[in-house]
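Novice: everything below, folded, please.
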Amino acid sequence: MDREEILLEAERHFLAAMISGWAAGVKGMVIPDMPGYILIVYEQDDFRVADRYCVSIAGKSAGTTTIWYVNDPVWVMFYGGFYREEDMPFLKRALMHSYTECLFNGGRGPEFLDLIDGLRYSNCVGDGSTFSRFFGRERLISHERTVGWHEYQGMSLI
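Specialist: Numbering: from 1, shown residues only. This is a model prediction of the structure:
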């Protein structure tokens, strides 16, 4: 496969991995040499997607998602921020909305998504962002106040 074919397949595998990952309720496994980190792995064909994340006692979270083709890393995403525990079901719903529609919005949810009780999801992907190079910020907003957020960025490694 050439570079473009690898990236197209990597994007397809990213979305498949996310559909069967954290947003779908998968718990993952503890990483023995990284206390506090959880790992969710998806493997298909010659691709491997590993999503690693941690949540601090203060409720802040951070993680990386890496994709390998054969045994070479070809893509990476970094993310971090804060979400309240009670908002996680809505965040998962927002993420799954994009993943199941096969939309790559910086690897996160749609531009906007509303729910009852005044909770709203907003994702601002940076200008010119593509699967090969992207950045942005997502937020959960309740009654016009940000109650959770993640900043993210990522890029092709090939």
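Novice: need the contact list for G136.
Specialist: Listed by CB atoms under 8 Å, 6 or more residues apart in numbering, the contact partners of G136 are N105, G106, R108, N123, C124, V125, G126, S129, E151, Y152, Q153. C-beta coordinates here come from the backbone N, C-alpha and C atoms, glycine included.
Novice: now it: phi and psi?
Specialist: phi 170, psi -170 (degrees, to the nearest 10).
Novice: relative to V74, how far out is it?
Specialist: 21 Å (CB to CB, to the nearest Å).
Novice: could you do S98 as well?
Specialist: Counting by CB to CB, the gap from S98 to V74 is 21 Å.
Novice: show me what counts as buried in stretch 143-152.
Specialist: Neighbour counts using 16 or more other CB atoms under 10 Å place G148, H150, Y152 of stretch 143-152 among the buried residues.
Novice: need these in JSON lines (columns: pLDDT, distance to D117 and secondary structure).
Specialist: Formatted as JSON lines, these follow (pLDDT from 0 to 100; distance: CB to CB, whole Å; DSSP: H, G, I helix; E, B strand; the rest coil):
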{"residue": "G148", "pLDDT": "96", "distance to D117": "14", "secondary structure": "strand"}
{"residue": "H150", "pLDDT": "98", "distance to D117": "21", "secondary structure": "strand"}
{"residue": "Y152", "pLDDT": "98", "distance to D117": "26", "secondary structure": "strand"}
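Novice: one step back: columns secondary structure and distance to W68 on top of the contacts of G136, output as TSV?
Specialist: Shown next, in TSV, are the contacts of G136 (DSSP: H, G, I helix; E, B strand; the rest coil; distance: CB to CB, whole Å):
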residue	secondary structure	distance to W68
N105	strand	23
G106	coil	21
R108	strand	21
N123	strand	26
C124	strand	29
V125	strand	24
G126	coil	25
S129	coil	22
E151	strand	24
Y152	strand	20
Q153	strand	19
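Novice: with distance to D114 added, can I get those in a markdown table?
Specialist: Below are those laid out as a markdown table (distance: CB to CB, whole Å):
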| residue | distance to D114 |
| --- | --- |
| N105 | 16 |
| G106 | 19 |
| R108 | 16 |
| N123 | 13 |
| C124 | 16 |
| V125 | 18 |
| G126 | 23 |
| S129 | 23 |
| E151 | 22 |
| Y152 | 21 |
| Q153 | 26 |
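Novice: quick one: average confidence on the longest helix anywhere in the chain?
Specialist: Identified as the longest helix of the chain according to DSSP state H is helix 3-19. What helix 3-19 shows for mean pLDDT is 97.
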